[in-house]
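**Student:** Fold the following for me, if possible:
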Amino acid sequence: MSRIGRMPIAVPAGVTVDIAENNKVTVKGPKGTLERVLPAEMEIKLDGDQVVVTRPNDLKRMKSLHGLTRTLISNMVIGVSEGYTKELEVNGVGYRAQKQGKKLVLSLGYSHPVEMEDPEGLESTVEDKKIIIKGIDKEKVGQYAAEIRDKRRPEPYKGKGIKYVDEVIRRKVGKTGKK
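**Tutor:** Below you'll find the model as predicted:
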């Protein structure tokens, strides 16, 4: 059995989970509502204040979908109850980030400032050299953070660029002069 797949998902107080036909799962909570159509082969049951996912057989595809389905539902429940945040750090001389309404304006050493519009359901804030992205959908938060990081990835010599706060950059030794 899948160790992750067979773990029940605890539904906290204030969160409701609805399972419609074709495994359309709707999770409502204090922070908002998330909807997702999950694989039809999986059997999703609401058992009191827990959600249990079971698989029909032990085919390789079913085994892989089992843990995935459980994790997706778990992420939805955590999202509507607590929400997700990603923190990015801007490193480098002259590199800046600022908010203008719903736009994130990045000065990253290019000839022009890079402007990014906050996607629907996400909110970004800037505190000195940190960009904080908040939202209820884990996938969207991670995707937007990755798109921001892609505008100027950290380089290995001086460590300039945009990196995740918990990311470690492998540094390289620069050039040495001739003897």
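**Student:** Please name every helix or strand in contact with whichever strand or helix holds residue 90.
**Tutor:** Using DSSP states H and E, residue 90 falls within strand 84-91. On a contact count with 3 or more Cβ pairs under 8 Å, 6 or more residues apart in numbering; DSSP states H and E, strand 84-91 meets strand 130-135, helix 138-150, strand 161-164. Bear in mind the C-beta positions are built from the backbone N, C-alpha and C, glycine included.
**Student:** Residues contacting stretch 86-96, please?
**Tutor:** Identification of contacts with stretch 86-96 by Cβ atoms under 8 Å, 6 or more residues apart in numbering yields 97, 106-109, 129-133, 141-142, 144-145, 148-149, 152, 154, 158-166.
**Student:** Tell me who's in contact with the closest residue to residue 87 other than its chain neighbours.
**Tutor:** The shortest distance from residue 87 to any non-neighbouring residue, by Cβ to Cβ, 6 or more residues apart in numbering, is to residue 165 (4.1 Å). Contact partners of residue 165, counting by Cβ under 8 Å, 6+ apart, are 87-89, 130.
**Student:** Most neighbours among those, please name it.
**Tutor:** When neighbours are counted by other Cβ atoms under 10 Å, residue 88 leads the contacts of residue 165 with 22 neighbours.
**Student:** From residue 63, how far out is that residue?
**Tutor:** 35 Å (Cβ to Cβ, to the nearest Å).
**Student:** Next: residue 128.
**Tutor:** On the measure of Cβ to Cβ, residue 128 and residue 63 end up 47 Å apart.
**Student:** lowest-pLDDT helix or strand in this structure?
**Tutor:** Within the chain, confidence by mean pLDDT, DSSP states H and E is lowest for strand 43-47 among all helices and strands, at a mean of 90.
**Student:** For the longest helix anywhere in the chain, name the packing helices and strands.
**Tutor:** Using DSSP state H to assign secondary structure, the helix with the most residues in the chain is helix 60-81. Helix 60-81 makes packing contacts with strand 9-10, strand 24-29, strand 32-37, strand 50-54, helix 138-150 when contacts are defined by 3+ Cβ pairs under 8 Å, 6+ apart.
**Student:** Work out the gap between that helix and the centre of the chain.
**Tutor:** Once both centres are worked out by Cα atoms, centre = their mean, to the nearest Å, helix 60-81 turns out to sit 14 Å from its chain's centre.
**Student:** Could you list the residues in contact with it?
**Tutor:** 2-7, 9, 11-12, 14-15, 17, 25, 27-34, 36, 38-39, 41-42, 44, 51, 53-56, 84, 135-139.
**Student:** Okay, now the unreliable bits of this structure?
**Tutor:** Applying pLDDT under 70 to the chain flags the ranges 1, 179.
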